[in-house]
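Peer 1: Need the 3D shape of this:
(one chain, ligands or ions: 1)
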Amino acid sequence: MTAANEFRALVLTKGDDGTVTAAFETLTDDALPEGDVTVRVSHSTLNYKDGLVLNGLGGLVRTYPHVPGVDFAGTVEASSHPDFKEGDAVVLTGWRVGEVHWGGYAQKARVKGDWLVKLPPGLDARRAMAVGTAGFTSMLAVIALEKHGITPDAGPVLVTGATGGVGSVAVAILAKLGYTVEAVTGKAESEAYLKDLGATTIVPRGEFAEPVTKPLLKERWAGCVDAVGGQMLANILPQMKYRGAVAAVGLAGGNKLETTVVPFLLRGVNLLGIDSVMCPKAEREEAWTRLVTDLPLDKLDAMIHPATLADLPDLGKRILKGAVTGRVVVDVN
Ligand code: NDP
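Peer 2: Predicted structure coming up:
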């Protein structure tokens, strides 16, 4: 049992030899960073970036001790921000929280109110973290494809890294919206999982193992949500349909893109960049509202792997190996 101003946190420290170590600590409110809203956190989640931070990789954290956790959801405990009052249910993703700022792997967080979004009716904190940055970004990607005119009758939409967080949610949203979804995965055993989310066709990752040599190939997909990047994206671009669009979300397979401009010039293919971290607030609110209607809750629930703060050091290693399927939801209490 902790006193009212005490809370548990997963704290990372860096030793003189550069090694980053995780430990559970009981902190008091005065340890919290500056900010105009204090949130009693109930749930957080695990992103690839959290894996990097937990393992001291990627140079994302500037100062230690550090509380990781890129995303959190909970209830406002205290606020001097005009838009938030005690008791409001809120969600935070991005803004470099969990990297430059203390994050959600704790029972309390203090942040700028401008970074928070009120949870839309229909989504509680647990499900908001099942969505997390990954699902929120998938929604941004789908909205970008829609704004680009990719409608369900334009043709199939490909989702890469389909069993991952971004991919799983993208498959479920697109299927609910009536798109024909083709899912690329390296996990043959996940076919039933992906079909249950709404994928009609499974495309084995091995199909992208060799770099394509021609600038254009047979037209296959009207749209793509790409969580993988690298050679997979390079192989996809020549296979996009006339006026198709690829929402580039991730780099799970690499950050280099060796391709030609021919699909852009001869087929009017567009490559749409998706950033969730600094995304403006109005677009965030639109995406969270859309998630309530466009992401079937039973599919979301099927993606959830429950976890506690104590599981995070191990999970942080596993996500870096691509060994986490679906969405980890961390109950911090
Ligand atoms: P996950 O680790 O949950 O999923 C990534 C998936 O990609 C894996 O499950 C696997 O799926 C596939 N994959 C992994 N390694 C490779 C590889 N070497 N080659 C091909 N496929 C691979 O991560 P997330 O879904 O959370 O994130 C996906 C990407 O999106 C990451 O790069 C992340 O940094 C980025 N991201 C970007 C955001 C933005 O704002 N732009 C926001 C959130 C994430 P399978 O086995 O099914 O093929």
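Peer 1: Next one, pLDDT for Lys303 please.
Peer 2: Quick fix: residue 303 reads Met, not Lys. On pLDDT, Met303 comes in at 86.
Peer 1: tally of neighbours for it?
Peer 2: Using other Cβ atoms under 10 Å, Met303 is surrounded by 24 other residues. Any C-beta I mention is one placed from the backbone N, CA and C, and that applies to glycine too.
Peer 1: Nearest residue to it in space, ignoring adjacent ones along the chain?
Peer 2: Leaving aside its sequence neighbours, Met303 sits nearest to Gly326 (Cβ to Cβ, 6 or more residues apart in numbering; 3.6 Å).
Peer 1: What backbone torsions are found at the one you found?
Peer 2: Dihedral angles of Gly326 (phi, psi; degrees, to the nearest 10) stand at phi 70, psi -140.
Peer 1: And Arg96, by the same measure?
Peer 2: Dihedral angles (degrees, to the nearest 10) for Arg96: phi 70, psi 20.
Peer 1: who's in contact with it?
Peer 2: Val277 (Cβ atoms under 8 Å, 6 or more residues apart in numbering).
Peer 1: could you redo the last one with a cut-off of 6 Å?
Peer 2: By Cβ atoms under 6 Å, 6 or more residues apart in numbering, Arg96 lies in contact with nothing.
Peer 1: Can you name the residues of the stretch 151-300 of the chain that neighbour the ligand?
Peer 2: Within the stretch 151-300 of the chain, the residues that sit near the ligand (Cβ under 6 Å from any ligand atom) are 161-167, 185-187, 205, 227-228, 232, 249-253, 274-277.
Peer 1: can you tell me which of the residues you listed are in helices?
Peer 2: Gly165, Val166, Gly167, Met232 (DSSP state H).
Peer 1: Show the average pLDDT along stretch 99-106.
Peer 2: 97.
Peer 1: Check stretch 61-71 too.
Peer 2: The pLDDT scores in stretch 61-71 average 96.
Peer 1: now stretch 284-292
Peer 2: Stretch 284-292 comes out at a mean pLDDT of 97.
Peer 1: cool, and stretch 310-323?
Peer 2: Averaging pLDDT along stretch 310-323 yields 93.
Peer 1: Stretch 186-203 now?
Peer 2: So the average pLDDT for stretch 186-203 ends up being 96.
Peer 1: what does it rub up against?
Peer 2: Contacts of stretch 186-203 (Cβ under 6 Å, 6+ apart): Ala162, Thr163, Val171, Ala172, Ala175, Thr180, Val181, Glu182, Ala183, Val184, Arg205, Lys299.
Peer 1: Could you find the closest non-adjacent residue to Leu251?
Peer 2: Gly229 (4.0 Å).
Peer 1: and the one you found, what are its bridge partners?
Peer 2: Counting by DSSP bridges, Gly229 forms beta bridges with Gly254.
Peer 1: Contact partners for it?
Peer 2: Taking Cβ under 6 Å, 6+ apart as the contact definition, Gly229 lies against Leu251, Gly253, Gly254, Asn255.
Peer 1: sorry, back to before: which ChimeraX command selects the buried ones in the residues of the stretch 151-300 of the chain next to the ligand?
Peer 2: Here is the ChimeraX command that selects the buried residues among those (16 or more other Cβ atoms under 10 Å):
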select :161,162,163,164,165,166,167,185,186,187,205,227,228,232,249,250,251,252,253,274,276
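Peer 1: Determine how far the last residue of stretch 41-58 lies from the first.
Peer 2: Stretch 41-58 has an end-to-end distance of 26 Å (Cα to Cα, to the nearest Å).
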